[in-house]
Structure formats: structure tokens, C-alpha cells
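**Q** model this:
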Amino acid sequence: MGEFTMPSLGADMDEGTLVEWLVAAGTEVARGDVVAVVETAKSTIEVECFESGTVTALLVEPGATVPVGTPLAVISPEASGPPAVAPRPVLAGSALATPLVRHQAAEEGVDLQAVDGSGRGGRITRADVSRAAHPAPARIAASPLARRLAESLGVDLAAVKGTGSRGAIKADDVRAAAGGVGTEPAPALPAERAVPAVPPAMSAGARAAPSGGDRLAIARLMTRAKREIPHYYLSTVIDLAAALEWMRTENGTRPVADRLVPAALLLKGVALAAREVPELNGHWSDDGFVPATGVRLGTAVSLRGGGLVAPALADADRLPLPELMATLKDLVARARHGRLRASETADPTLTVTNLGDQGAQTVFGVIYPPQVAMVGLGRVTDRPVAVDGMLAVHPTVTATLSADHRASDGATGSRFLTALDRLLQHPEDL
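**A** The predicted structure follows:
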């Protein structure tokens, strides 16, 4: 039998809250199926299972907060031979149940006629009886930030009217119920801002979630990063005239919904540069650098209720620009609705922090362990540049690199920034 455990969804995650089971005991699952929803300090994540088989037991009730690695369920692998002989179900009135289940129902005072079976063919399972005997209280729809804020302000969520999607309670609703006490509401964000913001706790001045618990978790991780990682920093100014002109021409042939934004060009350039300079793409583990087999580019999304989450663009170096753009928009939308999957938040190999939309021209980030580098992108700014011996004004961006001196050196970092500059001068090849 295999155990389905509370996953680690980031280097700063020590525990998670099981929000909802999407399967029941007796459910057959395949590798990659979403089986549960887990809430972390940053967001709500859909979690997939990593083996095929049958869910034989759910070990943790929704609402419970448990450490990373805690068994949540038992999944029996698919049978490789003839199926084992199971107790023959019998009919209790019109209810299909095994003698063991009928005995459990009698002990707990459950009427099997009123229980809907979740097992194969409508069979009533022990989990069905347990749920009928001990029904879980209805979970109030609220964002993770709203829950944490309600706890810190002493607000009863049951008495709060939600203004979010389908009546979900947002952080601003909690603040209003508390009479405006607490942290100031975050500025409103555009409904579909595809340009990624700064990843969690990686740059001074970033808008962090106001939760005290989040701040402490972020402080611990960044303290560890600065203490253990010998950072070095490099920067360069990249001329974007060719890239943005090509983008404008390309967008002229596309429907409005499919048009590219500068962030897509920059992210693709970073991903290709990471493939060219693999010494910056991977993880530091057991006193050594482990290069990644692909580029999982960590980006970040500002959540509407406050806070940040950094999903990864898998194989970002191989995605065609239109597909990268569509994937980025999809990640942004699902992140803001708390529907990211665990596989989308795990193990980025290189992270990009973009504070251009905040007005900063230069960003030097703190490396997010166990990664060994971070790329910073500032605001696109018109600057005077020399072109063929003549002075012109072109759009430019300052790109910075924060890198781990244990895994690389300044020469390697310079190769990376040079590659990024070269790639962005030929946007048609991205």
C-alpha cells in the first residue's frame, strides 16, 4: 500500500491545512488525478496523487492542519493478479453494505437507508458511515488571507457577508466587519494582469501578505537564504526596441485576446538563457549543485486579497511564445481563484522577479532556496542609446542577476546576462 502524504509546496512550507477531499474511500484514482485541496500560508492548492490504485482510507479530516509528510490517505496499488475475495456485500433493506459496515452503522446509530454509498456500484463504505455519524461542519467560503485576518482581528466569519465570487469572503470583507481595524486594504489589481509581479519575499518593497504568520515564515526563509547563500550580483541594461517593435507587428495579426505582452518575451528570453547557461538552472542540495533536466521558470502572481504565490512555467524554454502567453494567463487566473495544482507550485529551477509594474527600475532579489539564482526585471524605460554612432531614444529594461557563489561565479553570471541580451535582440527566434 502507498501513503498519500501532505506535500511540500515550497521551501518555506512546514505544514498545510486539508481543505477538502475530492475522493472518497473506495474511489479508483490514476496518477496525476487531483484528490485533495490543501491550503498553505500563501494560497489554496489542488494536490494530485502520484500513483494509481484505490483509495482505501482517508486518514485526516477536512479542516485539520498537519505537518508536511503526514499521511493523509492510503492508496492500494492496482492489482497485478486476480482480485482478492472481498466480503460479500449484503442488502440492508435497499442499502448495499458489508457485515462490517452494518455493524459499524449499528454501533454509531446510523440508518443505512439514509446513506448514499460512494463505493463501487453504490456500495456503502465505512467512510460513508463515519461521515453520516459525524458530519463535518459546513466550511465557510473564504480566502486564506481572510481566514488569517479574521483570526487575528477576532472576527467571526459566520457573521461576515462575502462579496467575492459566489459569496466568498475576502480580506476587505473581514476588515469591514471589524470596523476598518487592521491592515490597510491592498490596492485593487486589474482583473487579468498577465505581467508577473515579485515572487514571495524576494525583494525589498514587495507587497507581502499582511498576515503575521506569513511575515514570520517569509522572514525565516529569507534569513536562512542570506545566511547560507553567498550572493553575488550583476546587472545590465537591455535595449528592447527590436523586441517591442516585433511584438507590435506580431500583435497586429492576432485577435485581442491572443496578443502578447512584454512579460512573455522577457520570460521566454530568461528561459532560453537558462538553457544556455545550465549552471544557474537547478538546485543546491547536499553541499553540491544539481542541474535541472528542464527549465521550470518560477513566476509570481499578486493575489487580489493580498499576498503572493509563485507557480512555475514547466518547460518554459520549449513553449512557443503564444503557448507560453496562454499558460501564463491561465496560471494567473487560477492562482487568483485558489485553484493551482501542487505540480505547478513545486520545485521551480529559476525564479524571475518583476517589479516593473511597481515602478522600480532595478531589482536585486534574494535567492529562493534551494534555487541558485534569481533574475530581476525592472520597469521598461526610455533611455538614450548609441545606434550606429548616432544617439537615439529606445525602450530599455535593467536585468539583474542574484546568484549563488557556491554554484557559479561572475563569469558564468555574465554569460547568462549576455545571452539574455542577445536573445531579446532577435525576438523572431524566441
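**Q** Pull the number of nearby residues for Ala106.
**A** Using other CB atoms under 10 Å, Ala106 is surrounded by 12 other residues. In short, each C-beta sits where N, CA and C put it, glycine included.
**Q** Which parts of the stretch 301-430 of the chain are strands?
**A** Assigned by DSSP state E, counting those that start in this stretch, the stretch 301-430 of the chain shows strands spanning 301-302, 308-309, 312-313, 340-341, 350-354, 373-377, 381-387, 390-404.
**Q** Parallel or antiparallel, which strands does the last one pair with?
**A** As defined by DSSP bridges, the strand partners of strand 390-404 come to strand 231-239 (antiparallel), strand 373-377 (antiparallel), strand 381-387 (antiparallel).
**Q** Buried residues, that strand. List them.
**A** Neighbour counts over strand 390-404 (16 or more other CB atoms under 10 Å) mark 394-404 as buried.
**Q** Could you do stretch 338-348 as well?
**A** 338, 340-345, 347-348.
**Q** May I see those residues organised as a markdown table, with distance to Ala132 and pLDDT added?
**A** As requested, the buried residues of stretch 338-348 are arranged in a markdown table below (distance: CB to CB, whole Å; pLDDT from 0 to 100):
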| residue | distance to Ala132 | pLDDT |
| --- | --- | --- |
| Gly338 | 29 | 72 |
| Leu340 | 32 | 83 |
| Arg341 | 31 | 85 |
| Ala342 | 30 | 83 |
| Ser343 | 34 | 82 |
| Glu344 | 35 | 85 |
| Thr345 | 35 | 81 |
| Asp347 | 40 | 84 |
| Pro348 | 43 | 91 |
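**Q** Which one of these is nearest to Pro71?
**A** Ala342 (16.0 Å; CB to CB).
**Q** so the closest one touches Leu9, yeah?
**A** Yes. Judged on CB atoms under 8 Å, Ala342 makes contact with Leu9 at a distance of 5.8 Å.
**Q** Domain boundaries for this structure, per the record?
**A** If you go by automatic domain parsing, the domain ranges for the chain are 2-133, 144-177, 212-429.
**Q** Need the residues touching each of Ala342 and Leu9.
**A** Common contact partners of Ala342 and Leu9 (CB atoms under 8 Å, 6 or more residues apart in numbering): 38, 45.
**Q** Which positions in the helix or strand containing Ala242 come out as buried?
**A** Assigned by DSSP states H and E, Ala242 falls within helix 241-251. Judged by neighbour count using 16+ other CB under 10 Å, the buried positions of helix 241-251 are 241, 243-244, 246-247, 250.
**Q** And the strands in the stretch 151-300 of the chain, which stretches?
**A** Going by DSSP E, counting those that start in this stretch, the stretch 151-300 of the chain shows strands at 231-239, 282-285, 288-291, 297-298.
**Q** Now do the shortest one: distance to the chain's middle.
**A** This means strand 297-298. Distance of strand 297-298 from the chain centroid (CA atoms, centre = their mean, to the nearest Å) equals 11 Å.
**Q** I appreciate the help and will end here.
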